[in-house]
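> kindly generate the corresponding structure for this input.
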Amino acid sequence: QVQLVESGGGLVQAGGSLRLSCAASGSISHIETMNWYRQALGKPRELVAIIASSGNTRYLDSVKGRFTVSRDNAKNTMYLQMTSLKPEDTATYYCSADRIHLTTGSVAYDFWGQGTQVTVSS
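Below is the predicted model:
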């Protein structure tokens with residue numbers, strides 16, 4: 001059974017930093033594109049960062065220069081380094097994987113973690 005588990009969220013003051021992790025577990029061969037989304041209370045979910053299996057990345061404009069997405073394919077883990085945090089970054093952060101290739105030869109699509117809360121105080 002495949003799982004995505006986020007960790008690293010918490011409460012931080014404005015200007016501070018946090019590092020989120022998203023660890024995939026199960027009988028995984030490799031993972032294609034992975035994503036970080038966030039959803040603030042009462043707002044729609046938004047795509048924060050994308051990282052392809054090649055390492056190519058894209059970011060939401062409001063986090064460019066402050067957030068860095070990375071991944072360790074050997075560990076099936078993705079990271080989000082967040083710096084210069086602002087109160088408007090407060091949200092539940094979710095990781096997702098577009099396609100997870102399993103060692104059985106099957107492919108699992110559109111997997112999501114359970115989310116981790118990030119709260120930035122002013």
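> state the mean pLDDT of stretch 62-70.
Here stretch 62-70 scores 98 as its mean pLDDT.
> pull the CA atoms of that stretch into PDB?
Taking Å, rounded to 0.1, in the frame of the first residue of the first chain, the C-alpha atoms of stretch 62-70 are listed here in PDB:
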ATOM      1  CA  SER A  62       4.100  34.700  -4.400                       C
ATOM      2  CA  VAL A  63       6.700  32.200  -3.100                       C
ATOM      3  CA  LYS A  64       9.400  32.600  -5.700                       C
ATOM      4  CA  GLY A  65      12.700  33.500  -4.100                       C
ATOM      5  CA  ARG A  66      11.500  32.300  -0.700                       C
ATOM      6  CA  PHE A  67      10.500  28.600  -1.100                       C
ATOM      7  CA  THR A  68      12.700  25.900  -2.600                       C
ATOM      8  CA  VAL A  69      11.400  22.500  -3.600                       C
ATOM      9  CA  SER A  70      13.700  19.500  -3.800                       C
END
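> now that stretch: buried residues?
Val63, Phe67, Thr68, Val69 (16 or more other CB atoms under 10 Å). Where C-beta positions appear, they are placed from N, C-alpha and C, glycine not excepted.
> with stretch 37-49 instead?
Neighbour-count burial for stretch 37-49, counted by 16+ other CB under 10 Å, picks out Tyr37, Arg38, Val48, Ala49.
> buried set for the longest strand belonging to the chain?
As assigned by DSSP state E, the longest strand anywhere in the chain is strand 91-102. Buried residues in strand 91-102, counted by 16+ other CB under 10 Å: Ala91, Thr92, Tyr93, Tyr94, Cys95, Ser96, Ala97, Asp98, Ile100.
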